[in-house]
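[1] predicted coordinates and the sequence they were generated for:
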Amino acid sequence: MKTINEIVKGNSNDIYLIAEAGVNHDGSIDNAKKLIEEAASAGADAIKFQSYKAGKLASKNSPSYWDLSKQPITSQYELFTKYDSFGAPEYIELAEHAKKVGIDFMSTPFDLDAAEFLNDLMPAFKIASADLTNHPFLKKLANYNKPLILSTGASTIGEIESAVRVIEEAGNKNIALLHCVLSYPTQHEDAHLNMIKHIKTVFPQYTVGYSDHTFPDDSMVSLTTAALLGAKIIEKHFTLDKTLKGNDHFHSMDPSDVRTFINNMNKILPLLGKNYKEPLEAEKNAIKFARRSLVANVHISKGEEITEEMITWKRPGTGISPIDYDKVIGRLARVDIKEDDILTWDMI
């Protein structure tokens, strides 16, 4: 069974898909439950929300940093106030509902109170890019001894290294690092998915993933490409209707998109197969019959010295391999060898 703990530890080659519902429930517990149900039905591995209170997250003077044509509210505090109605009772109810329908429950905490009540509800903590430099918060979360999935949007390698060090020094090495671009929405030319490979190179001991904010396309190219580049955990905002007005609906995937991505993975992952080169069981007949053997080009009499002109190479590969061509030249025929006979070692 696929578990986030095994994915983070690097003990699984599966792709773990997080449907980031965020605040796309628009403050409705019924909407949140519907998001859980549809994510589970579509095949996502986890549904994730965001747990915060506006007053703990942003000052009243915090300006927006998103595309105002899609989300016209210019104050972070004002926006977050619209979506912070859920507290511990609601998240407990949602976690129970997720368990009932068979999907992992997660919610990103943005303060210590949220982390405390979420700890018993989740298999792992997902940490937002904006908290990558919040070292006291990282240390507190690390102390829960759960896997930490850390988005790395808008960060330098040095900042990621510092965050990882804080977590490690707290005694927690169950870390996954997600490439992310902290731009809503992320234009395709800004996705820079090759950064996944860079993070894998710098942090080979940790699982790497991708948190996506691009507009979804019909083929789910961004998520599929991320998986091919080595992302084992993939997160994308999730909605039931991409045309809805609101915070994150416009750059979210819907249940159909989830199914498309999973279908892509079901086709592609078997194609990828092993990551080291060796002959396969399916190739055994080809090795035997499609490779070449040394073959008599003319009749060779018993006792005659074999010269280059006397032999060629043809299929099948059941005789002496052309690899041993130089070992055959100059030897004597032990028996009469007819033209087009496949040479074997007992003939010479």
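    Alright, I've got the coordinates.
[2] which stretches of the stretch 151-300 of the chain form strands?
    Counting by DSSP state E, counting those that start in this stretch, the stretch 151-300 of the chain has strands at residues 175-180, 207-212, 233-237, 293-296.
[3] quick check: next helix or strand after the last one?
    Using DSSP states H and E, the helix or strand that follows strand 293-296 in sequence is strand 311-314.
[4] buried sites along that following strand?
    311, 313 (16 or more other C-beta atoms under 10 Å). (Glycine included, C-beta is placed from N, CA and C.)
[5] parallel or antiparallel, which strands does it pair with?
    strand 293-296 (antiparallel) (DSSP bridges).
[6] pLDDT of the partner strand, averaged?
    For strand 293-296, the mean pLDDT works out to 98.
[7] that one: how far from the chain's middle?
    In terms of C-alpha atoms, centre = their mean, to the nearest Å, the centre of strand 293-296 is set 49 Å apart from its chain centre.
[8] what does that strand rub up against?
    By C-beta atoms under 8 Å, 6 or more residues apart in numbering, the residues outside strand 293-296 that reach it are 310-322, 324-325, 328, 337-343.
[9] ok, back up a step: deepest of the strands of the stretch 151-300 of the chain, which one?
    strand 207-212 (a mean of 28; mean count of other C-beta atoms under 10 Å).
[10] how big is the angle separating that one from strand 175-180?
    30 degrees (axes from the mean of the first three to the mean of the last three C-alpha atoms, to 10 degrees).
[11] now strand 207-212 against strand 233-237, angle please.
    10 degrees.
[12] sheet-wise, list the partners of strand 207-212 with their directions.
    strand 175-180 (parallel), strand 233-237 (parallel).
[13] so how many other residues sit close to the residue lying closest to residue 257 once chain neighbours are set aside?
    Among residues not flanking residue 257 along the chain, residue 216 sits closest, at 4.9 Å (C-beta to C-beta, 6 or more residues apart in numbering). By the measure other C-beta atoms under 10 Å, the count of residues near residue 216 is 23.
[14] could I get the strands of the stretch 151-300 of the chain as CSV with distance to residue 276?
    Formatted as CSV, the strands of the stretch 151-300 of the chain follow (distance: least, C-beta to C-beta, whole Å):
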stretch, distance to residue 276
strand 175-180, 24
strand 207-212, 20
strand 233-237, 24
strand 293-296, 28
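[15] I'd like to know which of those strands is closest to residue 95.
    strand 233-237 (18.1 Å; C-beta to C-beta).
[16] report the buried residues of the worst-scoring helix or strand of the chain on mean pLDDT.
    For the chain, counting by mean pLDDT, DSSP states H and E, helix 76-82 ranks last in confidence among helices and strands (a mean of 75). Neighbour-count burial for helix 76-82 flags 76-77, 79-81 (criterion: 16+ other C-beta under 10 Å).
[17] cool, stretch 44-64 as well?
    Buried residues in stretch 44-64, counting neighbours by 16+ other C-beta under 10 Å, are found at 44-54, 57-58, 62.
[18] and the residue of the chain positioned farthest from its centre, its phi and psi?
    Distance from the C-alpha centroid of the chain, by C-alpha atoms, centre = their mean, peaks at residue 303 (64.4 Å). Note on residue 303: its backbone torsions stand at phi 90, psi -10 [degrees, to the nearest 10].
[19] also residue 50?
    Dihedral angles for residue 50 - degrees, to the nearest 10 - are phi -130, psi 130.
[20] for it, name its beta-bridge partners.
    residue 108.
[21] thought residue 299 was touching residue 339?
    Yes - assessed by C-beta atoms under 8 Å, residue 299 is found in contact with residue 339 at 5.1 Å.
[22] which one's more surrounded, those two?
    Neighbour totals were compared for residue 299 and residue 339, and residue 299 leads with 14 against 11 (other C-beta under 10 Å).
[23] tell me who's in contact with the more buried one.
    So residue 299 contacts 336-339 (C-beta under 8 Å, 6+ apart).
[24] shaky segments in this protein?
    Filtered on pLDDT under 70, the chain yields the residue ranges 66-67, 69-70, 247.
[25] ok, the residue lying closest to residue 188 once chain neighbours are set aside to residue 225 distance?
    Closest residue in space to residue 188, ignoring its immediate chain neighbours: residue 214 at 5.8 Å, by C-beta to C-beta, 6+ apart. Note on residue 214: its distance to residue 225, by C-beta to C-beta, to the nearest Å, is 10 Å.
[26] give me the more crowded residue out of these two.
    When neighbours are counted by other C-beta under 10 Å, residue 214 and residue 225 differ, and residue 214 comes out ahead with 20 against 16.
[27] redo the buried residues of helix 76-82 as JSON lines? Include distance to residue 163.
    Formatted as JSON lines, these follow (distance: C-beta to C-beta, whole Å):
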{"residue": "76", "distance to residue 163": "22"}
{"residue": "77", "distance to residue 163": "26"}
{"residue": "79", "distance to residue 163": "26"}
{"residue": "80", "distance to residue 163": "23"}
{"residue": "81", "distance to residue 163": "29"}
